[in-house]
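Trainee: take a look and give me a structure for this.
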Amino acid sequence: MRCTDSSLLFTANFDFHDCDNILRVKSNGISIEHGNIISLLRGFGFKAEPLPD
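Mentor: Next up, the predicted model:
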């Protein structure tokens, strides 16, 4: 699944066939606080953690 739109502040990509269940989020030039994304996902019952660069 891919959500992209040039007017959005970020894009997100989740491959449902990826065995590691990795959600990739890329900003369009703004800083993204990974803690906000992790909190949002935890609110839906998912576990999330940032990957090292």
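Trainee: looking at this, Val25 is in a helix?
Mentor: No: with DSSP: H, G, I helix; E, B strand; the rest coil as the criterion, Val25 is located in strand rather than a helix.
Trainee: can I assume it is in contact with Ser31?
Mentor: No: using Cβ atoms under 8 Å, Val25 makes no contact with Ser31, being 11.9 Å away. Placement of C-beta: from N, CA and C, glycine included.
Trainee: those two: which has the busier surroundings?
Mentor: Val25 (14 against 5; other Cβ atoms under 10 Å).
Trainee: OK, contacts around the more buried one?
Mentor: For Val25, the contact set (Cβ atoms under 8 Å, 6 or more residues apart in numbering) comprises Phe10, Thr11, Ala12, Asn13, Ile32, Ile37.
Trainee: show me those residues that map onto strands.
Mentor: In strands, defined here by DSSP state E, the members of these are Phe10, Thr11, Ala12, Asn13.
Trainee: between those residues, which sits nearest Phe44?
Mentor: Using Cβ to Cβ, Ala12 is the member of the ones in strands among the contacts of Val25 that lies nearest Phe44, at 13.7 Å.
Trainee: look up the closest residue to Phe14, ignoring the ones flanking it.
Mentor: The shortest distance from Phe14 to any non-neighbouring residue, by Cβ to Cβ, 6 or more residues apart in numbering, is to Leu23 (4.8 Å).
Trainee: for that neighbour, grab the count of nearby residues.
Mentor: Neighbours of Leu23 using other Cβ under 10 Å come to 14.
Trainee: and what of Ile38?
Mentor: For Ile38, the neighbour count with other Cβ under 10 Å is 15.
Trainee: so, low pLDDT: which residues of the protein?
Mentor: Low-confidence segments of the chain (pLDDT under 70): 1-8, 53.
Trainee: repeat the analysis, applying 90 as the threshold.
Mentor: Applying pLDDT under 90 to the chain flags the ranges 1-34, 36-37, 40, 46-53.
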